[in-house]
Structures are given as C-alpha cells and as structure tokens.
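Whatever this is, show me its structure:
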Amino acid sequence: MIIEAIKAFFFGIVEGITEWLPISSTGHMMLFNQFVQLDVSPEFYDTFLVVVQLGAIMAVIILYFKKLNPFSFKKTPQERRNTWGIWARVVIGTIPAGIVGVLLDDWMEEHIMNSPNAYVVVSCTLILYGIIFIVLERFNRKREAALKEQTKPRGKHARLDENATQESIFKVNSFEEMSFGKAFLIGIFQSLAVIPGTSRSGAIIIGSMIAGTSRSIATEFAFFLAIPIMFGWSIVKLIKHGLAFTGAEWIILGIGTVVSFVVSILAIKFLVGYVKKNDFTAFGWYRIILGVLVLGYFGLKAFGLW
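So this is what the prediction gives:
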C-alpha cells in the first residue's frame, strides 16, 4: 500500500505539470505507467487517469475564482455580465467535446488506452501537434515582424510597445471580443483531445490562435474549458467504475488528486507568465523530441532489441 501511495504521488506530479502545459497529460501518464506501473485493476487505472485531473481543475477554480465568479458584489453590473459571457462561451465550447466524448469514450478505452500499441498513437500525436505548433508560431512571428516594421517609430525618441504589437496581430484580445461562433470552433478543436497524446490544452490553444485569439486569452480559455469537461467526465467514470473500488484504491486516488492540485497551481502560474513573453515553439520541439524518443524506445522493445 505504501509503495502504491508513493507511485500515486508521482503520478499526481506528472498530471499537475502536464495537464496545463500543451504537451498531453494523458499521453505522459500512459508513458509514465510503462515505467512506474500502479498495481491496480484496468478499470481503476482508466478512472484514475481521469479523476486525478479533478485536482488540476480545482487549482483553476481557486486561482481564477474572482474572475469566474459572476455573483461577486465587488463587481460592477457590466463586469458581472462579462463574467456570465465567459461562462456562456465555456458552455458553447464544451458542446463538441461532450458529444465526442460520450460517443467515443468506450471505444477509446478499449482499443487505445488499454492497447499494447498505445505508444504508437501517443508518439504520433505528440509529433504531429508539435509540428503544428512550430509552423503556426513561425507564421505568427512573420506577422509580428511585418507589423513591427509597419509601425516602427520614425522619430528620434519614439519607442515601440512590444506587448501591444504582439497582441495586435490577433483579432481577439479579450473574452468580450470572442464570438460564440469562435468559441464553438475552439470547442471542435478541443474534441480532438479524445485521442491520447493530443493534449486538450494544446488543441484548444492551437484552435484559438487559428481563430485569431491571442496567446494569453487562448491559454485562459484552455483553463476554463477544462472545468465542465473534466468534472463531467470524472463523474461518468466514477459512476461507471467507482462503486467497485476498494478502500486502498480510494486512498491512491485521493493522493494523486491532492498532489495534482498543488503542482497544478505552480504549473498554471508558470504558463501564464511564460506566454506573456514567449510563444509556444519550445513546447512544439519538446513534443517532437519526446515523440521520437518514445517511438524509438518502444519500437526497439517491440522487436526485442532493448
């Protein structure tokens, strides 16, 4: 029991870091399980991978409670309307992923999550979306460079506002500027995360930037869209398998969830600060390198060469 609790502790660390960075939490958890396996039933493990994310979701609720609370008396009527507007966009963006999740959850669990060749799917999606990040950000940098040249101050003492220039290449720099149609489109991208290795936050960020959303708003929207999806998915998993869990399994689940919550707070603060000064290219390269290493390792192992 102590050994399994320690394993759950490290699973919580992996989940807390990777849930919010666009590098695929489920993919990392599946890969981590190849080296540090929980001694539990397949049903419990499938549920663990989902429910442990509740800790990460609670971190978002705590950190963004003021922004997401539409009932705060400290807010003006307009600010409360804007908050309800954020929740409306979250609901709209949740619809596609909710439909896809209900339709494909059992199939993915049976054919991908518990497949001995799951590493192939994870590796390919890590690499694919890594390439998309690099290509997309290279395009954005060209646009930024062109805009800087166009708006370059000509006076001797004129100064260029770098942050303003970076944000101005995007049409959506606040939630009020995000139409419901764009929110639904971003939700379609989120539904791609049903494939292990995709990264729910990564898919949302890519979809958001393609829709013209700034990096900071795309990142926050990825945080907010996770709330209804992960709560709903966790409830479904618990109803499906939770009643059969032992006391020891509930303890393991609790440890992973609490650790995920603490680590997620740090990861969210890091990512928010990072995107203010950087783009997502580094995450793209990380995904590609990790995908190649994983594919090579498990490929050699499959042929008995490792």
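
ok now do the closest residue to Thr94 other than its chain neighbours, which residues does it touch?
In space, and not counting its chain neighbours, Thr94 is closest to Pro228: 4.8 Å by CB to CB, 6 or more residues apart in numbering. Any C-beta I mention is one placed from the backbone N, CA and C, and that applies to glycine too. The contact partners of Pro228, taken as CB atoms under 8 Å, 6 or more residues apart in numbering, are Val90, Val91, Thr94, Gly98.

which strands and helices sit next to the helix or strand encompassing Glu149?
Counting by DSSP states H and E, the element that carries Glu149 is helix 118-150. Counting contacts by 3 or more CB pairs under 8 Å, 6 or more residues apart in numbering; DSSP states H and E, helix 118-150 packs against helix 25-35, helix 162-168, helix 200-210, helix 281-302.

Quickly compare those helices and say which is most buried.
For the helices and strands packed on helix 118-150, the largest average neighbour count (mean count of other CB atoms under 10 Å) is found in helix 200-210, namely a mean of 25.

In stretch 9-24, which residues are buried?
By 16 or more other CB atoms under 10 Å, the buried positions in stretch 9-24 come out as 11-24.

Neighbours of the closest residue to Ile288 other than its chain neighbours, how many?
Excluding its sequence neighbours, the residue lying closest to Ile288 (CB to CB, 6+ apart) is Gly130, at 3.9 Å. Neighbour count for Gly130, taken as other CB atoms under 10 Å: 26.

so what's Gly130 up against?
If you count contacts by CB under 8 Å, 6+ apart, then Gly130 has Phe283, Gly284, Trp285, Tyr286, Arg287, Ile288, Gly291 around it.

Those residues into TSV, with extra columns for pLDDT?
Output for those, formatted as TSV (pLDDT from 0 to 100):
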residue	pLDDT
Phe283	97
Gly284	97
Trp285	97
Tyr286	96
Arg287	96
Ile288	96
Gly291	92
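
how about a markdown table for these, with distance to Gln34 added?
Listed next are those as a markdown table, based on distance: CB to CB, whole Å:
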| residue | distance to Gln34 |
| --- | --- |
| Phe283 | 22 |
| Gly284 | 24 |
| Trp285 | 23 |
| Tyr286 | 19 |
| Arg287 | 18 |
| Ile288 | 20 |
| Gly291 | 14 |
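
Nearest to Lys142 among those residues?
Taking CB to CB as the measure, Lys142 sits nearest to Gly284 out of the contacts of Gly130, at 15.8 Å.

Any regions of the chain where pLDDT drops low?
Counting by pLDDT under 70, the chain shows low-confidence ranges at 153-167, 242-243.

Find the residue at the geometric middle of it.
Ser201 (2.5 Å; CA atoms, centre = their mean).

right, and it touches Thr18 too?
No - using CB atoms under 8 Å, Ser201 is not in contact with Thr18, being 9.2 Å away.

in the helix holding Glu149, what's buried?
Buried positions in helix 118-150, judged by neighbour count with 16+ other CB under 10 Å: 118-123, 125-130, 132-134, 136-137, 140, 144.

go on, stretch 188-197?
For stretch 188-197, by 16+ other CB under 10 Å, it's Phe189, Gln190, Ser191, Leu192, Ala193, Val194, Ile195, Pro196, Gly197.

distance between that stretch and the chain's centre?
Offset of stretch 188-197 from its chain centre (CA atoms, centre = their mean, to the nearest Å): 10 Å.

Start and end of it, how far apart?
Using CA to CA, to the nearest Å, the end-to-end distance of stretch 188-197 comes to 17 Å.

Identify the residues contacting it?
24, 26-27, 30, 93-94, 96-97, 99-101, 104-105, 108, 112-113, 118, 121-126, 129, 198-200, 202-204, 206-208, 210, 225, 229, 291.

again, only this time at 6 Å
24, 26-27, 96-97, 100, 104, 108, 112, 121-122, 125-126, 198, 200, 203-204, 207, 225 (CB atoms under 6 Å, 6 or more residues apart in numbering).

any idea how far the residue nearest to Thr94 is from Ile112?
23 Å (CB to CB, to the nearest Å).
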